[in-house]
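Visitor: Return a 3D structure for these sequence lines:
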Amino acid sequence: MLFNVDDITGDGFQIKTRKQSDWVTNIPELVDELSDLGLAKDIDFDLTVTRIIREVSVNGLINFGIRARCARCLSEVEIDLKSDVSLILSPRDESFAESGEGDLDHDFYEGDTVDISGYLRELIAITIPINVICGNECKGLCSNCGINLNNASCNCEKNLKKSAFAVLKDIKL
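Guide: Have a look, this model is predicted:
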């Protein structure tokens, strides 16, 4: 998403746009059709861009949905995700100290044109949870027979041989 710094008026301007999964090139799993992780719906951006002297501020919200496999029971799950955008852009020159180097919410621009696409892609990437759970009550899969314990029960625990570690089951902490 490109914009020109000189085009930012006193009140700033809005960026309301929608992008499809192929826009998120830094997360190959979202683009790969064979992956268990993917976008369930397009990415919606609602951003406000303002400027004070030469510093540019980008604030707003990113909304998107993903489909993934539950880490416990392997059922397909769709979840909606939101991420707040709060970015400060300073011109890269001698008059501004570069103390914010490496800070996710502070970056620098050169020239008159600013591209915030990379920042937004990174924000989407860190918003996606490592493990998706279909619900707090998810029982997962039986470690012996693999049946989904949310849908059915099994008799594996009764039929398992006693192990040396079976005594640990009764310890109360």
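
Visitor: what does the average pLDDT come to for the helix ranked longest in the chain?
Guide: Ranked by number of residues, the top helix in the chain under DSSP state H is helix 117-127. Averaged over helix 117-127, pLDDT sits at 90.

Visitor: Flag every buried residue along it.
Guide: Going by neighbour count (16 or more other Cβ atoms under 10 Å), the buried part of helix 117-127 is 119-121, 123-124. Glycine gets a C-beta too; all of them are placed from N, C-alpha and C.

Visitor: Show me how the protein divides into domains.
Guide: Listed by automatic domain parsing, the domain ranges of the chain are 2-135, 139-173.

Visitor: between those domains, which gets the lowest average pLDDT?
Guide: Across the domains of the chain, domain 139-173 gives the lowest mean pLDDT, at a mean of 78.

Visitor: re earlier: any chance of TSV for the buried residues of helix 117-127, columns distance to Cys142?
Guide: Shown next, in TSV, are the buried residues of helix 117-127 (distance: Cβ to Cβ, whole Å):
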residue	distance to Cys142
Tyr119	44
Leu120	42
Arg121	39
Leu123	38
Ile124	35
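
Visitor: from the residues you listed, which two are the most distant?
Guide: In the buried residues of helix 117-127, two members sit farther apart than any others by Cβ to Cβ. They are Tyr119 and Ile124, at 9.9 Å.

Visitor: Can you pull up the most central residue in this protein?
Guide: By Cα atoms, centre = their mean, the mean C-alpha position of the chain lies nearest to Thr127, the distance being 2.2 Å.
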